[in-house]
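# Structure for this input, please:
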Amino acid sequence: MRKTVKIWLFIAASLVFVGLIMFAAVMSEYKWDFSKLSTGKYETNTYEISEEFSNLSMNTDTADIIFALSDDGKCRVECYEEEKAKHSVAVQENTLVMKMIDEKSWYDYIGINFGSPKITVYLPKAEYTSLFINGSTGDIEIPKNFKFEGVDISLSTGDVNFFASASKLIIIKTSTGNICVENTSAGTLDLSASTGRITVSNVICGGDANINVSTGRTNLNNIECKNLTSSGDTGNISLNNVIAAEKFSIKRNTGDVRFDGSDAAEILVETDTGDVTGTFLSEKTFFVETDTGSVDVPESITGGRCEITTNTGDIELDIQ
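Residues are numbered from 1 along each chain as shown. Model prediction:
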């Protein structure tokens, strides 16, 4: 019995060895380009747009989306896309509308797919009224030379890098995707992610900034706004040189809250096991409460109200 088992093990090992040699030979022929093993078929299509428009609306699935200014003053959309999942691009009621048309059957989803659909939108001007994007796993990048009145972007696992500006509302929502907003201005900022990370840097917000996460980390640097509101579960939040004219309202469960040279007229922080630490820029009247955590704050009866509540989290704050 043992001899039979050894023979079968030897045969299995030999087959694995032969398979590895054959795989290496094939990949050497393909110069180790795994995309050539893909069973999905891709093609590049260019859509020329001659009509004028003020709004943009895009619905896609896995495609990455990149915006760029055209060098000839004309609008065109270049799509690297699957043959059975092409996009329709047309102007409807002053809106550039792009939709994915999925013509795949169930058996088209069986196989190996190393392709990555990509959409590059070349726009003739820098300013538009609205931008709406609804996607799934694709990444989105909006460069700084574009301006909108309102922006609404919703993704699942895709990342969003937003550097443009909006005079009114910017809404960006992801699930596991990361959000990065940098070097821009907005009327109101509304960002939310589940397990994704949120990073906001060098932003002037004329209205409120609402930033909500679940387990993702939030990093805020060099921000001016009217009110800052942030909620989360286990995600930490750090505020570096964040100034709110009126109020900070921050809630966390096990996530830590860290202030570094930040300030607001009124500050409210609630955590469970998360610590609250850091420095403010002006005097505060502290109202702190914790069950088993330690407390170290200045004794002051002047300045804006600063109310900190934790369960087992420590509270260590100072005036810079």
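# Tell me which residues of the helix or strand harbouring E246 come out buried.
E246 belongs to strand 237-251 when assigned by DSSP states H and E. Across strand 237-251, burial judged by 16 or more other Cβ atoms under 10 Å covers 237-244, 247-251. Placement of C-beta: from N, CA and C, glycine included.
# so where do the strands sit in the stretch 1-150 of the chain?
42-49, 55-59, 64-69, 75-82, 85-92, 95-102, 118-123, 127-134, 140-142, 147-154 (DSSP state E, counting those that start in this stretch).
# Make TSV out of the ones you listed and add distance to S167.
TSV is the format used below for the strands of the stretch 1-150 of the chain (distance: least, Cβ to Cβ, whole Å):
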stretch	distance to S167
strand 42-49	25
strand 55-59	14
strand 64-69	18
strand 75-82	22
strand 85-92	23
strand 95-102	19
strand 118-123	18
strand 127-134	10
strand 140-142	15
strand 147-154	5
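# Out of these, which is the most enclosed?
Most buried of the strands of the stretch 1-150 of the chain, by mean neighbour count (mean count of other Cβ atoms under 10 Å): strand 140-142, with a mean of 22.
# before we move on, back to that, a markdown table for the strands of the stretch 1-150 of the chain, including distance to I171 and mean pLDDT?
Conversion of the strands of the stretch 1-150 of the chain to a markdown table gives the following (distance: least, Cβ to Cβ, whole Å; pLDDT from 0 to 100):
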| stretch | distance to I171 | mean pLDDT |
| --- | --- | --- |
| strand 42-49 | 25 | 90 |
| strand 55-59 | 14 | 95 |
| strand 64-69 | 16 | 94 |
| strand 75-82 | 23 | 90 |
| strand 85-92 | 22 | 86 |
| strand 95-102 | 18 | 86 |
| strand 118-123 | 19 | 94 |
| strand 127-134 | 10 | 96 |
| strand 140-142 | 13 | 95 |
| strand 147-154 | 5 | 97 |
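# Of those, which is nearest L268?
For the strands of the stretch 1-150 of the chain, the distance to L268 is smallest for strand 147-154, at 28.3 Å, taking Cβ to Cβ.
# what residue ranges in this structure are flagged as low confidence?
Residues of the chain meeting the criterion pLDDT under 70: 1-2, 6, 23-40, 84-85, 102-115.
# Report the two of the buried residues of strand 237-251 separated the most.
Most distant of these, by Cβ to Cβ, are N241 and K251, 21.7 Å apart.
# which residues in this structure form helices?
In the chain, the helices defined using DSSP state H lie at 2-29.
# Not counting its neighbours along the chain, what's nearest I301?
In space, and not counting its chain neighbours, I301 is closest to T285: 6.1 Å by Cβ to Cβ, 6 or more residues apart in numbering.
# List the contacts of that neighbour.
Going by Cβ atoms under 8 Å, 6 or more residues apart in numbering, T285 touches 300-306.
# next one: L268
By Cβ under 8 Å, 6+ apart, the contact list for L268 reads 247-250, 307.
# could the residues you listed be laid out in a markdown table, adding distance to V200?
As requested, the contacts of L268 are exported to a markdown table (distance: Cβ to Cβ, whole Å):
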| residue | distance to V200 |
| --- | --- |
| K247 | 17 |
| F248 | 14 |
| S249 | 16 |
| I250 | 14 |
| E307 | 24 |
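# and which of the residues you listed is nearest T137?
Of all these, T137 sits closest to I250, with 30.6 Å by Cβ to Cβ.
# which of the residues in stretch 270-281 are buried?
For stretch 270-281, the neighbour count (16+ other Cβ under 10 Å) marks 270-278, 280 as buried.
# what do you get for stretch 299-309?
By 16+ other Cβ under 10 Å, the buried positions in stretch 299-309 come out as 304, 306, 308-309.
# May I ask which two of those residues are separated the most?
Greatest spatial distance among the buried residues of stretch 299-309 (Cβ to Cβ): G304 and T309, at 16.7 Å.
# Make TSV out of the contacts of T285 and add distance to S70.
What follows is those, written out as TSV (distance: Cβ to Cβ, whole Å):
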residue	distance to S70
S300	57
I301	61
T302	57
G303	53
G304	49
R305	52
C306	51
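# Give me the subset of these that lies in strands.
Judged by DSSP state E, the subset of these located in strands is 304-306.
# Looking at the residues you listed, which one is closest to D139?
Nearest to D139 among those, with distances taken as Cβ to Cβ, is C306, at 39.1 Å.
# That closest one contacts F280, doesn't it?
Yes: between C306 and F280 there is a contact at 7.4 Å, judged by Cβ atoms under 8 Å.
# Mind listing the shared neighbours of the two?
Shared contacts of C306 and F280 (Cβ under 8 Å, 6+ apart): 267, 317.
# And the strands in the stretch 151-300 of the chain?
Counting by DSSP E, counting those that start in this stretch, the stretch 151-300 of the chain has strands at residues 160-162, 165-173, 179-192, 198-205, 209-212, 218-231, 237-251, 257-270, 276-280, 284-289, 295-296.
# Make TSV from these and add distance to K86 to it.
TSV is the format used below for the strands of the stretch 151-300 of the chain (distance: least, Cβ to Cβ, whole Å):
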stretch	distance to K86
strand 160-162	24
strand 165-173	26
strand 179-192	29
strand 198-205	33
strand 209-212	36
strand 218-231	38
strand 237-251	42
strand 257-270	47
strand 276-280	52
strand 284-289	58
strand 295-296	62
